[in-house]
Structure formats: structure tokens, C-alpha cells
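Engineer: Provided below for reference: sequence and predicted model.
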Amino acid sequence: MGSGGPARAFNAAALGTEPPPCGEAPFARGAGPAAGGDEGRLRAGLQLLSVSMCGPSTHAQQHKGSHSGSRGQSQTPAQPRAEGQGREAARCAGHRGSLCSSMASPKRLQGLTAATITPMTPDGEINLSVIGQYVDYLIKEQGVKNVFVNGTTGEGLALSTQERKQLAEEWVTKGKNKLDHVIIHVGALNLPEAKELAKHAAVIGASGIAAIAPFFFKPTNKDTLVAFLREVAAEAPGIPFYYYHIPSLTGVKIRIEELLDGIKEQIPTFQGVKFSDTDLLDFAQCVKNNKEQFVLLYGVDEHLLSALAMGASGAVGSTYNYLGKKTNLMLEAFAKQDLALARQHQFCTGEFLSFVFKLGFGVAQTKAVMSFTSRIPMGPPRLPLLSASVDFIEKAKAKMDSLIM
Ligand SMILES: CC(=O)N[C@@H]([C@@H](O)[C@H](O)[C@H](O)CO)[C@@H](O)CC(=O)C(=O)O
């Protein structure tokens, strides 16, 4: 499976194949042997793509009895033991034991990562009581074993620092021995808060941290952005750092190709980018120049197949909460070079999103969709976001039911 699967030439003819309807069984069509000579073009895109479902080792297997004090033993070259890791381990030793069994995983982040929703009670408090159920749902129902906590979908910037810490702790605790990666988004509008959250994430044993660029007072060039990120990353010197690029929301449009040039010298724990943008030229340049060094995770779910063709290492997004299973089938088809089938799965996600976009779709509506698909109550969003309407929920549910069987 994945890059280790039998080499088959890219089926150029399949490019013109009409995809079967959304509900058709996987691998029903287009899986025949290849005719075209474009194998090399896709091979690059396949090499680092490994479907998360196919990864045999679980966090539990990798870390039986481990503690962050011994984390260095299992690191890959991509995660060098950073200076100051001992300091972090020492901090961890002083922290309450149950959280300190370290989520840091020697496995590179790949496959699907769900950008988690923050469950809330009807009166708008964060609802930690359903996180355990949420973890089990993602694994069992969606085949997703990585989470990105307190990001956009998680309303991270609408939460207090205290709430963000509580959520981070709950995800690490409930994900222990179950999830492969718990990445905590620690970005904030001010440096002290981002640093505090980064330090906290390291202490509780998160597998990695990510940060957006601050977006009220914005960095105006690469150097100021790197200076900000460097200070944040330095608070968690033993775990990977990912830059969260989402220019549509931050307005910070510094190109990632430029950012990555020389970044490792500035930020030793820099591991990759969560690329939530549609500039596939920038994305492709990042892959071309840095694929072996960095994890390049794509964040526009409806365009994921295009990013896979460009060589994405994996994806982080909101729809993997409820369309993870479908998207995993797409990754699997892509890894098998069955482009027609991969496209069929992408079209399904696209059909749902295209439908809900017309109704008005954002984080609030994502919460509603997740509530009816998972049957875990996600509650309302926090102001200034408003709850999805009953009309939206009925229409979105009917559409989802027509696509997923
Ligand atoms: C703007 C936005 O919310 N983008 C989503 C996508 O998953 C998005 O919901 C999806 O592609 C539908 O447009 C993610 O990139 C956000 C994300 O990963 C996060 O919650 O941090």
C-alpha cells in the first residue's frame, strides 16, 4: 500500500473516464493496468504519501511505557533532538504524570489530520466531557488518527488561554495510546500568549505545535514573521513546529516558498507547513525544494486531490471530521494510482461542499454537520459566530445522506 505498492503506470486514459456515482463501491472502476507514460509525473507525488489507515504502528505500540524523558531515542532524522529538550523533560517531570507520557511520535505526520471542532454546552462553555467519545469516533468511524486542536475549526482564536489549555490537555489525555499525533495550535495575536501556549503544549506532551502569523499587527516580511515564530517554537524545543499558513483569514501573504528558505537554521524544530491556501504554484515549489525535509500538509479539503498530485505529504482539514472515511478512500485510490476513483471521492466531498457553500458555510455550520453525522453534540459556536439555522441543518443532512451510504 502507498509508496510500497506495486508500481503501475499512470493511467492516462483514465483521465477521461466518467467517474461512477458517489455511492458506488470503491475500486469498482478505473483500476485497470495503465497505458500512459506519465508515471514519473505522479511518482513524485506518491512517494511521501502514505495513507494513515495503512500505517501499521499505533502510538501505543511506539510508546509503550515511554516518557518524554526517553523521547530522544525514538526520533527520526526529521525530528532532531533539539537543544533544550532536557529542559522540557525536566519541566515535564514536574507536571502531573498522566499527561506527561508524551504524544511526541517518531512517525512523520502524514495522511489525514482532523482540524477538531470545539464542543460547547448549550450555554456556550467548552464541553470537555465528550472529547473521549470524539477521539473514538474519529478513529473508528473515520479512520483518522491525527488531530489539530484549537485551530480555525476549533475556534481557537475565540477561546480564552485557559480554555485552550484545558482543551489541549483533554485531547492529549484522551488521545493517549489511541491517536498518533495531537498537534496543538498555539498561534495568538500577541507573543506572550503564543509562547505560554507553546510551553504548555510541550509540558503536557503534545506531539507538535503550530502557529498562524499574528494578524492584527501583521509581520510585513519574512524576517519579522520568522522572528515571531522562532520565539514561539523556542518554548517547545523538544517537539516539532508547523507554520499554519491561512492567508484568507490572517491576511499575511508571505509566500511559503520564501519562508522555507533557510528556516531550519532559524527554527531548529521546524517540521512543516499546514498550507490552507489555493496557491498551488507556491505549494508545488515548496514540495520541489523541500519535500525530503519538511512535511507539507494541505488544508483546502475540496482541492486535496490536486495537492496530492503536487506531492502533499498529507492534509489537515475540517471535513475529515465527518468525511474522513471517504477521503481516506481517495488517498488509497491515489496511492494505487487509480486517478479515476480518487477523483470520484474528491467529487463527493466537492459535491457536499459546493451544496453547503451556497447555503452559507463556515465553522458554525461545520459544528452542525458534525453533530448530525457523529451524533456527538458539538453545541453552538461562540459569538460573533451564530448557530447554523434549522433550514441549513435539514438541507445539509439530506445532502449528506444522499452521498454517504
Ligand atoms: C478556512 C477553513 O476553515 N479551512 C479549513 C478547511 O478544512 C475548510 O473548512 C474546508 O476546506 C472547506 O472549505 C481548514 O483549512 C482549517 C483548519 O484546518 C483548521 O481548523 O485549523
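Structural biologist: The structure has been received and is ready for your questions.

Engineer: burial measure for residue 180, as a count.
Structural biologist: Residue 180: 25 surrounding residues under other Cβ atoms under 10 Å. Quick note: C-beta positions are derived from backbone N, CA and C, even for glycine.

Engineer: cool, residue 162 as well?
Structural biologist: Around residue 162 there are 9 residues (other Cβ under 10 Å).

Engineer: one more: residue 251?
Structural biologist: Residue 251: 11 neighbours (other Cβ under 10 Å).

Engineer: could you do residue 401 as well?
Structural biologist: For residue 401, the neighbour count with other Cβ under 10 Å is 11.

Engineer: now residue 390
Structural biologist: Neighbourhood size, residue 390 [other Cβ under 10 Å]: 9.

Engineer: residues contacting it?
Structural biologist: By Cβ atoms under 8 Å, 6 or more residues apart in numbering, no residues touch residue 390.

Engineer: check what pLDDT it gets.
Structural biologist: What the model reports for residue 390 is a pLDDT of 98.

Engineer: swap in residue 91?
Structural biologist: Value for residue 91, per-residue pLDDT: 40.

Engineer: swap in residue 269?
Structural biologist: 98.

Engineer: chain neighbours aside, what residue packs nearest to it?
Structural biologist: residue 241 (4.5 Å; Cβ to Cβ, 6 or more residues apart in numbering).

Engineer: was I right about the one you found contacting residue 210?
Structural biologist: Yes. In this structure, residue 241 is within contact of residue 210 by Cβ atoms under 8 Å, at 7.2 Å.

Engineer: please, which helix or strand holds residue 238?
Structural biologist: Counting by DSSP states H and E, no helix or strand carries residue 238.

Engineer: how many residues are close by it?
Structural biologist: The number of residues packed near residue 238 is 25, by other Cβ under 10 Å.

Engineer: that one touches residue 199, doesn't it?
Structural biologist: No. When contacts are counted by Cβ under 8 Å, residue 238 is not listed as touching residue 199 (11.1 Å).

Engineer: for the residue in the stretch 1-150 of the chain that the ligand sits nearest to, give me phi and psi.
Structural biologist: Closest approach between the stretch 1-150 of the chain and the ligand, counting by Cβ to the nearest ligand atom: residue 115, at 3.1 Å. When quoted as degrees, to the nearest 10, the phi and psi of residue 115 stand at phi -80, psi 110.

Engineer: for it, which residues are in contact?
Structural biologist: 147-148, 151-154, 299, 316-318, 320-321.

Engineer: same deal with residue 355?
Structural biologist: Here residue 355 is in contact with 395-396, 399 (criterion: Cβ under 8 Å, 6+ apart).

Engineer: filter the residues you listed to the buried ones?
Structural biologist: 396, 399 (16 or more other Cβ atoms under 10 Å).

Engineer: return the subset of the contacts of residue 355 lying in helices.
Structural biologist: Mapping those onto helices (DSSP state H) picks out 395-396, 399.

Engineer: what's next to whatever helix or strand residue 286 lives in, contact-wise?
Structural biologist: Assigned by DSSP H and E, residue 286 belongs to helix 280-290. With contact meaning Cβ under 8 Å, 6+ apart, helix 280-290 is reached by 44, 255-257, 260-261, 273, 275, 277, 294, 296, 298, 303, 306-307, 310-312.

Engineer: what separates the longest helix seen in the chain from the chain centre, distance-wise?
Structural biologist: Counting residues, the longest helix found in the chain (DSSP H) is helix 339-359. Offset of helix 339-359 from its chain centre (Cα atoms, centre = their mean, to the nearest Å): 19 Å.

Engineer: what residues of it count as buried?
Structural biologist: Buried, per 16+ other Cβ under 10 Å, within helix 339-359: 339-350, 352-353, 355-356.

Engineer: just checking, what packs against the next helix or strand after that helix?
Structural biologist: As assigned by DSSP H and E, the chain's next helix or strand after helix 339-359 is helix 363-374. For helix 363-374, the packing partners by 3 or more Cβ pairs under 8 Å, 6 or more residues apart in numbering; DSSP states H and E come out as helix 131-142, helix 339-359, helix 390-403.

Engineer: direction included, what does the next helix or strand after the shortest one pair up with?
Structural biologist: To tie it back to what came earlier, the one meant is helix 131-142. Toward the C-terminal end, the helix or strand that comes next after helix 131-142 (DSSP H and E) is strand 146-149. Paired with strand 146-149 in the same sheet, following DSSP bridges, are strand 111-115 (parallel), strand 181-185 (parallel).

Engineer: quick one, the first one and helix 363-374 angle?
Structural biologist: Pointing back at strand 111-115 there. 120 degrees (axes from the mean of the first three to the mean of the last three Cα atoms, to 10 degrees).

Engineer: got the residues of the stretch 301-405 of the chain near the ligand?
Structural biologist: Contacts of the stretch 301-405 of the chain with the ligand, taken as Cβ under 6 Å from any ligand atom, map to 301-302, 316-319, 353.

Engineer: just the buried residues of the residues you listed.
Structural biologist: 301-302, 316-319, 353.

Engineer: mind picking the two most distant members of those?
Structural biologist: 316 and 353 (15.9 Å; Cβ to Cβ).

Engineer: and whichever residue of the chain sits closest to the ligand, what does it touch?
Structural biologist: The chain approaches the ligand most closely through residue 151 (2.4 Å), counting by Cβ to the nearest ligand atom. When contacts are counted by Cβ under 8 Å, 6+ apart, residue 151 touches 115-116, 185, 210, 244, 316.

Engineer: kindly recompute the last result at 7 Å.
Structural biologist: Listed by Cβ atoms under 7 Å, 6 or more residues apart in numbering, the contact partners of residue 151 are 115, 185, 244.

Engineer: give me the beta-bridge partners of the residue sitting nearest the centre point of the chain?
Structural biologist: The centre of the chain sits closest to residue 316, judged by Cα atoms, centre = their mean, with a distance of 2.5 Å. Here residue 316 sits in beta bridges with residue 113, as judged by DSSP bridges.
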